[in-house]
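>>> I would like to see how this sequence folds:
(one chain, ligands or ions: 2)
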Amino acid sequence: MPQPKPDENARAWHASAASKVRITGAKVIVTCPGRNFVTLKIETDSGVYGVGDATLNGRELAVASYLTDHVNDCLIGRDAHRIEDIWQFLYRGAYWRRGPVTMAAIAAVDTALWDIKGKLAGLPVYQLLGGAARDGVMVYGHANGADVDETVANALHYKELGYKAIRLQSGVPGLASTYGVSRDRYFYEPADARLPTENIWSTEKYLRSVPPLFEAARKALGWDVHLLHDAHHRLTPIEAGRLGKELEPYRPFWLEDATPAENQANFRLIRQHTTTPLAVGEIFNSIWDAKQLIEEQLIDYIRATIVHAGGISHLRKLANFADLHNVRTGCHGATDLSPVCMAAALHFDLSIANFGVQEYMRHTAETDAVFPHHYRFADGMMHPGDAPGLGVDIDEALAAQYPYEPASLPVNRLEDGTMFNW
Ligand SMILES: O=C(O)[C@@H](O)[C@@H](O)[C@H](O)[C@H](O)CO
Ligand SMILES: [Mg+2]
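Numbering: from 1, shown residues only. Ligands and ions are numbered 1, 2, ... in the order given. Below is the predicted model:
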């Protein structure tokens with residue numbers, strides 16, 4: 001391709017030079033193979049299509065409508081290669097910037113466009129992101145149980161499966177239910193009813209239960225496995241400082257969502273009391289939710305992930321910003337994030353400098369059948385595979401056999417009836 005002469009109109013040269021691939025279609029597929037997933041499929045005039053996860057647990061149809069009613073028609077005719085331009089169009093063009101619904105919709109478009117770009121280039125997406133920065137992605141599994149003994153026994157099973165990192169969530173004596181304890185130990189789905197289930201919570205009972213859990217786990221599992229715990233937004237900063245300090249002898253890999261993070265300065269108080277590493281951010285949807293936490297090094301791991309934080313393009317910017325401040329990634333990976341998000345996250349995890357750990361709550365066989373994928377687990381690590389693009393697809397015929405089922409996340413009340421955090 002001849003280089004433009006200085007006086008040629010560079011825009012005209014660029015406009016003619018770039019090999020355009022026109023977006024010809026964009027559609028939303030809602031399916032419920034055991035739980036609801038929302039997938040965006042973008043088609044192009046090259047015959048190549050891409051997929052993006054748009055699932056927001058309990059608010060799935062809001063994102064489906066945002067895409068169908070406000071985004072998809074805007075994509076038709078655009079050059080699928082222009083990912084950043086389309087991202088900026090959807091972000092700035094929304095006017096009402098940020099928020100979980102908007103950013104999940106933008107994430108789905110962004111992810112599908114990276115899938116297309118990889119397929120057209122004949123390369124797995126991680127190669128487009130700078131190639132592998134590591135051989136594999138360390139993941140953590142979810143050990144849980146009705147009590148300490150059951151949880152530790154389940155953790156031993158995860159260790160036997162080869163996991164190098166295991167999250168511990170146990171029932172709390174005196175409470176009928178708590179976060180993270182599933183009926184069948186493996187496939188945890190918190191959105192358990194059409195309308196929100198009302199659970200009862202007691203911080204005092206919970207705080208009494210966690211140190212004995214870690215003491216028993218270290219005794220049974222030893223020190224060669226990382227142990228994690230999720231407080232799920234339920235402590236005040238000083239309570240989080242207390243729990244972090246009490247867990248220090250057991251060297252947790254992280255204490256997650258110790259306290260709600262709307263007020264990012266809350267974490268200063270926790271930092272004053274404990275060296276237990278802190279992780280936060282699975283409900284964040286943009287860099288702005290974490291800017292102070294990262295700049296002041298109030299956290300050690302940022303949990304934001306592809307589907308809820310604007311896709312691969314935005315999450316890379318967030319990860320690079322975090323890298324400047326010694327904060328590593330720890331992407332959310334619960335079962336309510338589809339295999340499309342898991343695949344995209346693994347390409348992202350493989351390619352960035354400051355990777356920490358990837359959550360991997362296995363999907364059911366039903367879900368895996370709807371979303372065939374190339375990613376694999378072995379010896380505590382995962383790899384996205386080397387198929388062009390993301391290496392994941394959606395079987396539309398099978399997806400159509402699982403119609404949407406309304407489901408809501410639970411809520412918590414304190415024992416005196418006060419509305420609290422779930
Ligand atoms: O760390 C986690 O995976 C949890 O916080 C999630 O299970 C979270 O409760 C769900 O994704 C909510 O839908
Ligand atoms: Mg969590």
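>>> so which helix or strand takes in the nearest residue in space to residue 285 that is not next to it in sequence?
Excluding its sequence neighbours, the residue lying closest to residue 285 (CB to CB, 6 or more residues apart in numbering) is residue 103, at 3.8 Å. Where you see a C-beta, it was placed from the backbone N, CA and C, and this is true even at glycine. Using DSSP states H and E, residue 103 sits in helix 100-121.
>>> after the helix or strand bottoming out on mean pLDDT in the chain, next one along is what?
Least confident helix or strand of the chain, by mean pLDDT, DSSP states H and E, is helix 10-17 with a mean of 57. Remark: after helix 10-17, the chain's next helix or strand is strand 23-31, criterion DSSP H and E.
>>> which helices and strands does the helix or strand immediately after that next one in the chain pack with?
Following strand 23-31 in sequence order, the next helix or strand is strand 37-44 (DSSP H and E). Other helices and strands packing on strand 37-44, by 3 or more CB pairs under 8 Å, 6 or more residues apart in numbering; DSSP states H and E, are strand 23-31, strand 49-53, helix 60-70, helix 100-121.
>>> Let me see the residues that make contact with the shortest one.
Residues external to strand 49-53 that are found in contact with it (CB atoms under 8 Å, 6 or more residues apart in numbering): 37-43, 80, 107-117, 119, 306-307, 311, 337-338, 340-341, 344, 389-390, 392-394.
>>> Enumerate the positions of the helix holding residue 103 that are buried.
100-120 (16 or more other CB atoms under 10 Å).
>>> Please identify the helix or strand for residue 212.
Per DSSP H and E: helix 203-221 holds residue 212.
>>> What are the contacting residues of that helix?
Contacts for helix 203-221 (CB under 8 Å, 6+ apart): 148-149, 151-152, 155-156, 159, 166, 168, 170, 172-175, 178, 227, 229, 234-235, 239, 242-243, 246-247, 250-252.
>>> Repeat the analysis, applying 6 Å as the threshold.
Residues outside helix 203-221 that contact it (CB atoms under 6 Å, 6 or more residues apart in numbering): 148, 152, 155, 159, 168, 170, 172, 174-175, 227, 246-247, 250.
>>> average pLDDT across it?
For helix 203-221, mean pLDDT rounds to 98.
>>> Can you mark which positions in it are buried?
Result for helix 203-221 [16+ other CB under 10 Å]: buried residues 203, 206, 207, 209, 210, 213, 214, 216, 217, 218, 221.
>>> okay, now the domains of this structure?
Domain assignment of the chain by automatic domain parsing yields the ranges 14-124, 128-386.
>>> As TSV, the helices and strands packed on strand 37-44 with distance to residue 276 and mean pLDDT would be great.
Formatted as TSV, the helices and strands packed on strand 37-44 follow (distance: least, CB to CB, whole Å; pLDDT from 0 to 100):
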stretch	distance to residue 276	mean pLDDT
strand 23-31	39	98
strand 49-53	31	99
helix 60-70	34	98
helix 100-121	28	98
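>>> re earlier: of all the domains of the chain, which lies closest to ligand 2?
domain 128-386 (4.3 Å; CB to the ion).
>>> Quickly check: the closest one near ligand 1 or not.
Yes - applying CB under 6 Å from any ligand atom, one finds domain 128-386 touching ligand 1 at 190, 230, 232, 282, 332, 334, 336, 359.
>>> okay, the residues you listed in TSV with pLDDT next?
Output for those, formatted as TSV (pLDDT from 0 to 100):
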residue	pLDDT
190	92
230	98
232	98
282	98
332	98
334	96
336	96
359	98
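>>> what's the closest of those residues to residue 1?
residue 332 (42.6 Å; CB to CB).
>>> mind checking the backbone torsions on that closest one?
The phi and psi torsions at residue 332 (degrees, to the nearest 10) take the values phi -60, psi 140.
>>> From residue 382, how far out is it?
Between residue 332 and residue 382 the computed distance is 15 Å (CB to CB, to the nearest Å).
>>> Weed out the non-buried ones from the contacts of helix 203-221.
148, 152, 155, 159, 168, 170, 172, 175, 227, 246, 247, 250.
>>> Sticking with the second one, tell me its helix or strand.
Under the criterion DSSP H and E, the helix or strand holding residue 152 is helix 148-160.
>>> That helix vs helix 203-221, what angle?
Between helix 148-160 and helix 203-221, the angle comes out at 50 degrees (axes from the mean of the first three to the mean of the last three CA atoms, to 10 degrees).
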